[in-house]
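In: Coordinates only, no sequence provided:
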């Protein structure tokens with residue numbers, strides 16, 4: 001690792017550059033597509049905006065990568081990550097307009113409307129002009145826990161600005177909770193707390209998408225990790241409640257629940273208490289919010305986006321370019337079926353062999369890979385749990401993190417939109433190669449090598 005101060009201030013410089021990019025071209029009110037590859041090439045925004053975004057992204061990635069080996073202490077990591085987040089706390093939202101959608105959905109919930117009954121264009125919202133057109137007609141795809149939090153932010157904030165400030169505060173509290181959970185879990189699994197905390201908190205996606213963009217992943221991941229801390233403390237009911245609340249933010253958290261239950265040893269009644277706590281927490285929030293369980297029907301709204309960044313979607317796009325009509329819905333369905341099969345296989349393997357956290361992380365990873373939609377901040381789901389396991393070859397983290405960090409321009413324009421055909425073909429080829437690789441490894445070494453086996457000593461050398 002280079003000198004700690006060199007790492008810290010390289011990342012801070014990157015954060016300052018990105019804060020400049022946010023002020024020059026971040027998410028504004030009203031919505032305006034200020035930055036696209038075409039506008040950059042045409043020089044419509046000058047050179048300062050794209051250079052700030054480019055330098056900031058590169059410097060943050062470099063600092064995160066340089067600092068991954070032997071950070072001085074957990075406290076040093078906390079201070080460093082806090083310094084990197086600070087400039088983005090007081091800038092326009094960066095990399096996405098989703099926070100404006102959150103604000104409108106929170107306003108609807110606070111006004112007694114049902115955000116699952118229609119989009120902001122149907123149910124009205126005073127800040128509708130700030131919502132990206134793609135999401136104006138889409139019902140809320142989030143659980144009632146997050147809508148209750150967004151409603152509190154809208155009610156207390158009063159204005160769009162006030163609501164955004166409070167939504168960002170909620171996200172910051174989520175990140176603070178994550179920062180506390182990571183070293184606790186790492187210590188209990190025999191992993192370096194400093195390294196585990198660094199791998200997640202210093203990841204460039206955290207200041208950009210969890211702090212500046214205030215994505216609700218901050219709350220979901222915080223509840224997941226807190227639930228895992230409770231599970232390793234053998235607190236069955238608390239584990240269930242926390243993971244149930246995580247599912248109430250985004251249903252993705254459900255993937256972790258069956259694995260977390262295996263962390264609680266003892267009689268079957270502990271297992272029942274954990275599962276019952278999850279169901280109870282969801283039921284109380286769902287019914288207490290006045291929304292009931294209608295949020296389950298709204299989950300399909302997130303599939304509106306069709307981009308090659310999701311492998312199952314990319315394969316469908318490639319087939320459609322080759323003349324196969326309606327291929328995308330079919331390949332997405334196949335991807336979801338394959339995901340269900342892999343999740344079951346991972347859980348069965350965990351029952352037989354243990355290593356619960358690693359398999360939970362792998363479950364989140366395959367969920368990200370096989371889901372019909374991918375957004376850069378989704379990478380943080382598995383990374384949060386992978387960070388507290390004895391990871392294999394962390395050098396491979398560099399590629400997905402770099403791609404995810406560079407995928408969204410300052411105002412949220414996704415570069416996948418500018419590379420639809422090329423990206424779909426490349427992703428299809430990559431998916432084909434990875435599929436061959438999995439079967440090859442399974443044939444040579446058995447499923448152990450595919451689903452996270454290997455020697456811890458070898459893992460540390462490869463890292």
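Out: Sure, I can see it. These numbers were taken from a predicted model, which means no experiment stands behind them. Numbers count the residues shown, from 1 in each chain.
In: which regions of this protein lie under the pLDDT threshold?
Out: Low-confidence segments of the chain, defined by pLDDT under 70: 1, 34, 266-267, 297-304, 391-394, 441-463.
In: State the phi and psi torsions of the residue nearest the centre of it.
Out: Centroid-nearest residue in the chain: residue 378, 3.0 Å away (criterion: Cα atoms, centre = their mean). Note on residue 378: its backbone torsions stand at phi -70, psi -30 [degrees, to the nearest 10].
In: Pretty sure it sits against residue 369.
Out: No. Assessed by Cβ atoms under 8 Å, residue 378 is found out of contact with residue 369, at 9.6 Å. Where C-beta positions appear, they are placed from N, C-alpha and C, glycine not excepted.
In: Which residue ranges make up each domain of the chain?
Out: Domain assignment for the chain, taken from automatic domain parsing, gives 4-305+373-413, 306-372+414-463.
In: most neighbours per residue, which of the ones you listed?
Out: Across the domains of the chain, averaging neighbours per residue (mean count of other Cβ atoms under 10 Å) puts domain 4-305+373-413 on top, at a mean of 21.
In: now the helices for the stretch 301-450 of the chain?
Out: For the stretch 301-450 of the chain, the helices defined by DSSP state H, counting those that start in this stretch occupy 311-321, 327-353, 356-370, 380-386, 398-406, 420-445, 447-450.
In: quick one on the thing from earlier: now the residue nearest to the centre of the chain. Nearest residue, chain neighbours left out?
Out: Closest residue in space to residue 378, ignoring its immediate chain neighbours: residue 368 at 4.9 Å, by Cβ to Cβ, 6 or more residues apart in numbering.
In: Kindly report the same for residue 62.
Out: Counting by Cβ to Cβ, 6+ apart, the nearest residue to residue 62 once its immediate chain neighbours are dropped is residue 10, at 6.3 Å.
In: Which helix or strand contains the one you found?
Out: Taking DSSP states H and E as the criterion, residue 10 maps to helix 4-25.
In: hmm, back to that, residue 108: which of the helices of the stretch 301-450 of the chain is closest?
Out: Closest approach to residue 108 among the helices of the stretch 301-450 of the chain (Cβ to Cβ): helix 380-386, 26.6 Å.
In: neighbouring contacts of the closest one?
Out: Helix 380-386 has contacts (Cβ atoms under 8 Å, 6 or more residues apart in numbering) with 178, 182, 199-200, 203, 205-206, 209-210, 217, 220-221, 224-225, 228, 252, 256, 357-358, 360-362, 364-365, 367-368, 397, 401.
In: Off-centre distance for the helix holding residue 10?
Out: 21 Å (Cα atoms, centre = their mean, to the nearest Å).
In: got it, and stretch 205-215?
Out: Worked out by Cα atoms, centre = their mean, stretch 205-215 lies 10 Å from the chain centre.
In: Dihedrals phi and psi, residue 30?
Out: Dihedral angles (degrees, to the nearest 10) for residue 30: phi -80, psi 170.
In: and it, how far is that from residue 113?
Out: Per Cβ to Cβ, to the nearest Å, residue 30 is found 21 Å from residue 113.
In: what do you get for residue 427?
Out: 38 Å.
In: so who does the residue nearest to residue 378 touch?
Out: Counted by Cβ under 8 Å, 6+ apart, residue 368 has contacts 374, 378, 379, 381, 382.
In: my guess is the third one contacts residue 206, does it?
Out: No. Taking Cβ under 8 Å as the contact criterion, residue 379 and residue 206 are not neighbours in contact, 10.6 Å apart.
In: Run through the residues that contact the closest residue to residue 428 other than its chain neighbours.
Out: Closest residue in space to residue 428, ignoring its immediate chain neighbours: residue 318 at 4.4 Å, by Cβ to Cβ, 6+ apart. Residue 318 makes contact with 424, 425, 428, according to Cβ under 8 Å, 6+ apart.
In: ok so, going back, distance to residue 133 for the contacts of residue 368 - can I get that in CSV?
Out: Below are the contacts of residue 368 laid out as CSV (distance: Cβ to Cβ, whole Å):
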residue, distance to residue 133
374, 20
378, 22
379, 26
381, 27
382, 31
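In: Closest to residue 22 out of those?
Out: Proximity of those to residue 22 (Cβ to Cβ) peaks at residue 379, which lies at 20.4 Å.
In: Spatially nearest residue to the closest one, not counting backbone neighbours?
Out: Per Cβ to Cβ, 6+ apart, closest to residue 379 is residue 404, 4.7 Å.
In: Residue 361 versus the nearest residue to residue 417 once chain neighbours are set aside, what's the distance?
Out: Counting by Cβ to Cβ, 6+ apart, the nearest residue to residue 417 once its immediate chain neighbours are dropped is residue 307, at 7.2 Å. Residue 307 sits 24 Å away from residue 361, going by Cβ to Cβ.
In: what do you get for residue 202?
Out: Applying Cβ to Cβ, the value for residue 202 to residue 361 is 18 Å.
In: Over to residue 368?
Out: 11 Å.
In: Repeat that for residue 282.
Out: According to Cβ to Cβ, residue 282 stands 23 Å off from residue 361.
In: Also residue 253?
Out: 13 Å.
In: same question, residue 322
Out: Separation of residue 322 from residue 361 (Cβ to Cβ): 35 Å.
In: Please name the nearest non-neighbouring residue to residue 91.
Out: The shortest distance from residue 91 to any non-neighbouring residue, by Cβ to Cβ, 6+ apart, is to residue 22 (3.8 Å).
In: For that neighbour, give me its contacts.
Out: Residue 22 neighbours (Cβ under 8 Å, 6+ apart): 88, 91, 92, 93, 94, 212, 410.
In: Among these, which ones are in strands?
Out: In this view, those have no member that belongs to strands under DSSP state E.
In: Closest one of these to residue 119?
Out: Within these, the smallest distance to residue 119 is 19.8 Å, found for residue 93 (Cβ to Cβ).
In: Can you name the residues that contact the closest one?
Out: With contacts defined as Cβ under 8 Å, 6+ apart, the neighbours of residue 93 are 22, 26, 27, 99, 100, 164, 212, 213, 214.
In: ok, residue 113 to residue 395 distance?
Out: 49 Å.
In: if we can go back for a sec, how about the contacts of residue 22 in JSON lines, adding distance to residue 6?
Out: Converted to JSON lines, those look like this (distance: Cβ to Cβ, whole Å):
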{"residue": "88", "distance to residue 6": "21"}
{"residue": "91", "distance to residue 6": "25"}
{"residue": "92", "distance to residue 6": "29"}
{"residue": "93", "distance to residue 6": "30"}
{"residue": "94", "distance to residue 6": "25"}
{"residue": "212", "distance to residue 6": "24"}
{"residue": "410", "distance to residue 6": "26"}
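In: Great, nothing more from me.
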